[in-house]
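J.: Any chance you could fold what I've pasted below:
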Amino acid sequence: MIVHHIPRHGSAIEPCFRIALLLGIAAYWLPSVVFLVLPIWVYLIYRNLFNLRAFTATLIGLATVAIWMMVFHYLSLFTFPFSLKENLWNWLPTGSLLFAYIASTISRQNLRVR
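T.: Numbers count the residues shown, from 1 in each chain. A predicted model of the protein is given here:
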């Protein structure tokens, strides 16, 4: 929803940072959620909003969460079990829902233009 509400000629830097931050936090429970950044980048490329600054903002957002996870793990506040193979099947409903949403949004925008 954050990406969908970016104005056509606006800046996508802050929304990309917020999206990466939220996906990084969600990746604590489901690490494969990080892969949702790729379809978001494709959507931004489609809307001509993707640039190097938006790419860097997403990496900084993910790095911020990763650094805090390392700090919390070092202080032994909680552990971070990373198992991509174990949670891969849990990602399929999330990924398919995201792809369906992006496809419906693109088709609705194309119908409005015509």
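J.: Now do the longest helix belonging to the chain, average pLDDT.
T.: Secondary structure of the chain per DSSP state H: the longest helix is helix 88-113. On average, the pLDDT along helix 88-113 is 75.
J.: What segments of the chain are helices?
T.: 13-26, 37-46, 52-74, 88-113.
J.: Please convert these to TSV, extending it with distance to residue 6 and mean neighbour count.
T.: Every residue, glycine included, has its C-beta placed from N, CA and C. Below are the helices of the chain laid out as TSV (distance: least, C-beta to C-beta, whole Å; neighbours: other C-beta atoms under 10 Å):
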stretch	distance to residue 6	mean neighbour count
helix 13-26	5	19
helix 37-46	8	16
helix 52-74	10	15
helix 88-113	12	12
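J.: Now do the longest helix of the chain: which elements does it pack against?
T.: With contacts taken as 3 or more C-beta pairs under 8 Å, 6 or more residues apart in numbering; DSSP states H and E, helix 88-113 sits against helix 37-46.
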